[in-house]
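[1] how would this look folded up:
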Amino acid sequence: MRGTILTSRDGVKWTKQVSWTDGLLEGVTYGNGIFVAVGRTGEGEVRGTILTSRDGVKWTERVLGTDGWLNDVTYGNGIFVAVGAVFITGPDSPPNGTILTPPGRREMDQAGLGDEE
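    Got it, this is the predicted structure:
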């Protein structure tokens, strides 16, 4: 079930929410009053996806600064950080790592971590 988001107040009864994406969601975190979910969407040419929500029920898809897949997200020290992979020559090439932070934060909006020395 691609794009599935389930919420629960008690951990027993779960409710499916509308995520507005058919992407594969791989990571979610909560910080500063905001839920952030990350993953990837598309067939063939895969792109990363980020969804945000203040209540876990109503979700909004956000514009990315990368074509990379996003595998996880965390929050700490007042900043969200998403990590994933960018495939430079196509999905069959070795991936280069990517780190995303909100624009203007810590002078690092996207940093490649491939085979650079």
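[2] helix, strand or coil for residue 50?
    strand (DSSP: H, G, I helix; E, B strand; the rest coil).
[3] count residues in the vicinity of it, would you?
    Residue 50 has 23 neighbours, counted by other CB atoms under 10 Å. Quick note: C-beta positions are derived from backbone N, CA and C, even for glycine.
[4] low-confidence regions, this protein specifically.
    The model of the chain has pLDDT under 70 over residues 1, 43-46, 63, 65-67, 86-117.
[5] strands of that one, start to end?
    For the chain, applying DSSP state E gives strands covering 5-7, 15-17, 24-31, 34-41, 47-53, 60-62, 69-76, 79-86, 96-100, 110-112.
[6] hmm, residue 36 is touching residue 75, no?
    Yes. When contacts are counted by CB atoms under 8 Å, residue 36 is listed as touching residue 75 (7.4 Å).
[7] so what sits against both of the two?
    Both residue 36 and residue 75 are in contact with 29, 30, where contact means CB atoms under 8 Å, 6 or more residues apart in numbering.
[8] what about those two, which has more around it?
    Neighbours around residue 36 and residue 75, counted as other CB under 10 Å, are more numerous at residue 36. The numbers are 21 against 15.
[9] beta partners of that one?
    Legend: beta-bridge partners of residue 36 under DSSP bridges are residue 29, residue 52.
[10] could you do the one 4 residues further on as well?
    Following DSSP bridges, residue 40 is listed with bridge partners residue 24, residue 48.
[11] which residues touch it?
    Residue 40 makes contact with 23, 24, 26, 46, 47, 48, 49, 69, 70, 84, according to CB under 8 Å, 6+ apart.
[12] got it, and residue 6?
    Counting by CB under 8 Å, 6+ apart, residue 6 touches 14, 15, 16, 17.
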